[in-house]
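> just to be clear, the model below is a prediction. Sequence and coordinates:
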Amino acid sequence: MAPAEYGHSIEAENKGMDAGGDGIGREGRLTPDRAGARVATPWRSTPFLLAALALWLAATAGLRPLALPDEGRYASVAYEMLHGDGLVPTLDGLPFFHKPPLFYWIDIGAMKAFGANAFTVRFGSLVGAWILGAALFGFVRARHGPALARTALLVLATCPFYFLAAQYANHDMLVAGLITAAVLAFVQAADATRRARLGWTLAAWAACGLALLSKGLIGVALPALVVGPWLLAQRRWRDVLALLHPLGLAAFAVIALPWMFAMQVRFPGFFDYFIVEQHFRRYAASSFNNVQPFWLLPVAFVLATLPWSAWLALRARHVAVRRPRDAGLMLWWVVAILAFFSIPSSKLVGYVLPALAPWCMLVSLALRDPLPPWPRVRASAALGALVSLGVVGVLAWQAPKSNRSVAAALGRGLAPGDAVVLVDDAFYDVPFLARLAAPPLVASDWSDPGIARRDNWKKELADAARFDPAAAARVLVPSARLHMLACGSGRVWFVLKPGSAAHWLDRVPGAERVQAGAHAELWRAARRPCP
C-alpha cells in the first residue's frame, strides 16, 4: 500500500474515533453488504497488510551482493550445512559455534526451495522481520484498535533501520523478531483472563526457545529483563509467578535444549565455549572487535530510525494520552535494551533491533492524540521508504568488498580433484558464490601466539579447531607448507589479497593469475609430482 493512501485511510478512521464514533471514518472503515452486515475493507484486513509487509521486505532482498564479513560468513555456513551435517554449523569444514543453528536451518529450507542465492541466504532475516511486524501489529490491534495498529505498522515498515536489517544476512533480526514476539506474548499473558493466560504463556516461552536457538541466551534474558521489572514495579508478584508456569518452562526446554545437549555429547567443551565464552566472557571482556563509547547505541538508534524519531521528539508529550501503562512499558523496553547493550565495550548497531517494536509503538501513540498534519506524516513515510530503497540500490551498484568476480571465475574453472586454498584471509563469500563442493583449505601462520588475543577470522577458525583437531589438521595449512599443496595431480587454486602473490606463491612453480578483483585475486597452478 502506498504511504499516501495508507496515511489517508488512518486519518479518516482516527477522525471517526475522535468524533466519538465507533472508529468508522467518513471514507468508511467498514462497508455494508446486501444484508446490512458490516464487512472489513479487504485492503485494510490483517491478512492483506501482513502479506503486503512480506512483499515489501522481500522484493529487493536479492538485488545486492553479499556484504562482508557477516553475510558471506553466514551464507557459507548455511551452504556447508546444506551439503553436510545439518545439525553442526561449520565454517571451512570446522565446527562453528559462535551462533546456534536456527538462522541456518531457515536458510537451508529456503535454499532447498529456491536455490542457493542472495535472496535465500537472507531468508532467516526476512522471517524475523516479518515476525516482528506481525507481533507488533497484532498486539497494538488487540489493545488499541486497527487504526493505531496500521499506524504502527506503517512506521515500522518505512523505518530504514528495520527495512535494511530485514535484508541483511545475520542473526540479529531473527532474534529481534522472536524476542519481540516473546515480550508481547508475556504481556498479553500477564493481562489475560485465567482461561487465556496459559495459551499466551506457552506462546511466549516457545518464542524464547526459538530466540535462544537463533542467537543464544539473550533470547530468554531480554524478555525477562523487559517484562519482569515492569510487572514488579506494579507489585504484580502473582503475575510474575504465573508466567513461570511449568508447562511454559517445559515448552522452552523441549525447543531450546535438545540441540545444545546433542552438541555437548558430540563435542565435549561445547557448553563452556558456547555458554561461558561466547556469552559471559564476551559480554564482560574488552578485547573483542568494535570497541565503542557508551553513548554510541542510543545515538545511532535515534539516527537509524529517522524520520520517525523526529516525530517522537516533537510530540513526546502526547504519548501517554491513551493507555499510559502501555506507554510506560514501551519506554522501559527501549531503555532496557539500549542500556543492556551499551554496557559491554564491544558494540554493533544491530544489537538494538529488539528495541524497534516498542519505539514504533511510541511513535504511533505520539501520532494519535491530537491528530498530526497527515500530509507531513505521509511525506515522512515516503521519505523513509525512499531512503530504504536508495541504500539498497547504492549497495547493489557499488558492491562494496564483494569478491563475486573472483568467485565466478573459480566456479567456472574448477574440475573434480582440484584444491582451493584461501591464503591469509577469510574471503567469506568465495566458497558460497563459487558453489564449492568441499570446504576450502586455509593457509596462514597458524603458529602465531597472537591469534588467541585478536577477535578476527583467524581466531574463529582456531577456536573451531579445538572441536575437530583431525579436520583442522587437514584444513588449516601452515604458511611454510603452502608450496606442498601444489604436489599431486590436478590443479590448485589460490585466492589471495591483491599484490600478495609474490610473497605467498614464490615457491609455487607455474602459478598464474586467472582473475584480478578489487579485493582478491585468483591464481592457478598445475600440480606436479613431488618427492
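Yes, it's here.
> what strand or helix carries the nearest residue to Tyr428 once chain neighbours are set aside?
Nearest non-adjacent residue to Tyr428, counting by CB to CB, 6 or more residues apart in numbering: Gly72, 3.1 Å away. No exception for glycine: its C-beta is placed from N, CA and C like everyone else's. Assessed by DSSP states H and E, Gly72 sits inside helix 70-82.
> what packs against the helix or strand just after that helix?
Going down the chain from helix 70-82, the next helix or strand is strand 90-91, by DSSP H and E. Applying 3 or more CB pairs under 8 Å, 6 or more residues apart in numbering; DSSP states H and E, we find strand 90-91 packed against helix 70-82, helix 457-465.
> ranking those helices by burial, who's on top?
Highest mean neighbour count of those: helix 70-82, a mean of 24 (counted as mean count of other CB atoms under 10 Å).
> next, the angle from it to helix 457-465.
With axes from the mean of the first three to the mean of the last three CA atoms, to 10 degrees applied, the angle from helix 70-82 to helix 457-465 works out at 20 degrees.
> how distant is helix 70-82 from the center of its chain?
14 Å (CA atoms, centre = their mean, to the nearest Å).
> make 4 the starting number, not 1.
All set: I'll call the first residue 4, so the last point we hit is now helix 73-85.
> what does it rub up against?
Residues outside helix 73-85 that contact it (CB atoms under 8 Å, 6 or more residues apart in numbering) are 69, 91-96, 99, 102, 104, 106-107, 110-111, 114-115, 119, 124-125, 171-174, 406, 429-435, 438, 442.
> count of neighbours near His248?
Here the number of neighbours of His248 (other CB atoms under 10 Å) works out to 17.
> hmm, Gly202 and it touching each other?
No: counting by CB atoms under 8 Å, His248 does not reach Gly202; the two are 10.8 Å apart.
> OK, contacts around Ala465?
Per CB under 8 Å, 6+ apart, neighbours of Ala465: 449, 454-455, 479.
> same check, this time on Phe166
59-60, 160, 387-388, 391.
> out of the residues you listed, which are buried?
By neighbour count, with 16 or more other CB atoms under 10 Å, the contacts of Phe166 hold 59-60, 160, 387-388, 391 as buried.
> redo these as JSON lines? Include secondary structure, distance to Ala209 and pLDDT.
Listed next are the buried ones among the contacts of Phe166 as JSON lines, based on DSSP: H, G, I helix; E, B strand; the rest coil; distance: CB to CB, whole Å; pLDDT from 0 to 100:
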{"residue": "Trp59", "secondary structure": "helix", "distance to Ala209": "27", "pLDDT": "96"}
{"residue": "Leu60", "secondary structure": "helix", "distance to Ala209": "23", "pLDDT": "96"}
{"residue": "Ala160", "secondary structure": "helix", "distance to Ala209": "26", "pLDDT": "97"}
{"residue": "Gly387", "secondary structure": "helix", "distance to Ala209": "32", "pLDDT": "94"}
{"residue": "Ala388", "secondary structure": "helix", "distance to Ala209": "33", "pLDDT": "94"}
{"residue": "Ser391", "secondary structure": "helix", "distance to Ala209": "31", "pLDDT": "95"}
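> any chance of those in CSV with distance to Leu306 as columns?
Output for the buried ones among the contacts of Phe166, formatted as CSV (distance: CB to CB, whole Å):
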residue, distance to Leu306
Trp59, 22
Leu60, 21
Ala160, 19
Gly387, 13
Ala388, 17
Ser391, 14
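> among these, which two are most distant?
Pairwise distances across these peak at 13.6 Å for Leu60 and Gly387 (criterion: CB to CB).
> touching, Asp471 and Asp95? I think so.
No: the criterion here is CB under 8 Å, and Asp471 misses it with Asp95 at 11.2 Å.
> quick one: common contacting residues for the two?
Common contacts of Asp471 and Asp95 (CB under 8 Å, 6+ apart): none found.
> the two: which has the busier surroundings?
Just comparing Asp471 and Asp95: by other CB under 10 Å the higher neighbour count belongs to Asp95, 25 against 18.
> report the contact partners of that one.
By CB under 8 Å, 6+ apart, the contact list for Asp95 reads 79, 425, 434, 442-443, 445, 464, 467, 478.
> and what of Phe122?
Contact partners of Phe122, counting by CB under 8 Å, 6+ apart, are 61, 64-65, 113.
> relative to Ala138, which of the residues you listed is nearest.
Set against Ala138, the nearest of the contacts of Phe122 by CB to CB is Ala61 (18.1 Å).
> any idea which helix or strand carries the spatially closest residue to the closest one that is not a sequence neighbour?
Closest residue to Ala61 apart from its sequence neighbours, by CB to CB, 6+ apart: Leu129 at 5.7 Å. Remark: Leu129 resides in helix 126-147, with elements defined by DSSP H and E.
> quick one, that helix and helix 73-85 angle?
Going by the same axes, to 10 degrees, helix 126-147 is angled at 110 degrees with respect to helix 73-85.
> does anything pack onto helix 126-147? Which helices or strands?
Short answer (3+ CB pairs under 8 Å, 6+ apart): helix 126-147 packs on helix 49-61, helix 105-117, helix 149-160, helix 163-169, helix 175-194, helix 359-369.
> one more time with 6 Å
Identification of packing neighbours for helix 126-147 by 3 or more CB pairs under 6 Å, 6 or more residues apart in numbering; DSSP states H and E yields helix 49-61, helix 105-117, helix 149-160, helix 163-169, helix 175-194.
> work out the gap between it and the centre of the chain.
Distance of helix 126-147 from its chain centroid, counting by CA atoms, centre = their mean, is 14 Å.
> which residues in the chain form strands?
Secondary structure of the chain, counting by DSSP state E: strands at 33-35, 41-43, 93-94, 97-98, 422-426, 444-447, 479-481, 494-499, 515-519, 524-529.
> sheet-wise, list the partners of the last one with their directions.
Based on DSSP bridges, the pairing partners of strand 524-529 within the sheet are strand 494-499 (antiparallel), strand 515-519 (antiparallel).
> tell me the domain ranges of the protein?
For the chain, the structural domains run 174-272, 407-529, going by automatic domain parsing.
> most tightly packed of these?
For these, the highest mean count by mean count of other CB under 10 Å goes to domain 174-272, at a mean of 20.
> tell me the mean pLDDT for it?
Mean per-residue pLDDT for domain 174-272: 95.
> for that domain, what is the distance to the chain centroid?
Its chain's average C-alpha position is 19 Å from that of domain 174-272, according to CA atoms, centre = their mean.
> and that domain, end to end?
Start and end residues of domain 174-272 are separated by 23 Å (CA to CA, to the nearest Å).
> now stretch 99-106
By CA to CA, the extent of stretch 99-106 from end to end equals 13 Å.
> list of residues touching it?
Residues from elsewhere that reach stretch 99-106, judged by CB atoms under 6 Å, 6 or more residues apart in numbering: 80, 92-93, 127, 174, 177, 216-217, 276-277, 467.
> now Ala528: closest residue in space, sequence neighbours ignored.
Using CB to CB, 6+ apart and skipping the chain neighbours, the partner closest in space to Ala528 is Ala514 (4.3 Å).
> surely the one you found is in contact with Glu524?
No: using CB atoms under 6 Å, Ala514 is not in contact with Glu524; the gap is 10.8 Å.
> find the nearest non-adjacent residue to Asn120, please.
Of all residues not flanking Asn120 in the chain, Gly65 sits nearest, at 6.1 Å (CB to CB, 6+ apart).
> please convert the contacts of Phe122 to CSV, extending it with neighbour count and pLDDT.
As requested, these are exported to CSV (neighbours: other CB atoms under 10 Å; pLDDT from 0 to 100):
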residue, neighbour count, pLDDT
Ala61, 17, 96
Ala64, 21, 94
Gly65, 17, 93
Ala113, 21, 97
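> and the pLDDT at the nearest residue to Trp496 once chain neighbours are set aside?
Leaving aside its sequence neighbours, Trp496 sits nearest to Val423 (CB to CB, 6+ apart; 4.9 Å). On the pLDDT scale, Val423 is placed at 95.
> ok, Val423 to Glu74 distance?
Going from Val423 to Glu74 by CB to CB, to the nearest Å gives 20 Å.
> over to Leu213?
Distance from Leu213 to Glu74, by CB to CB: 22 Å.
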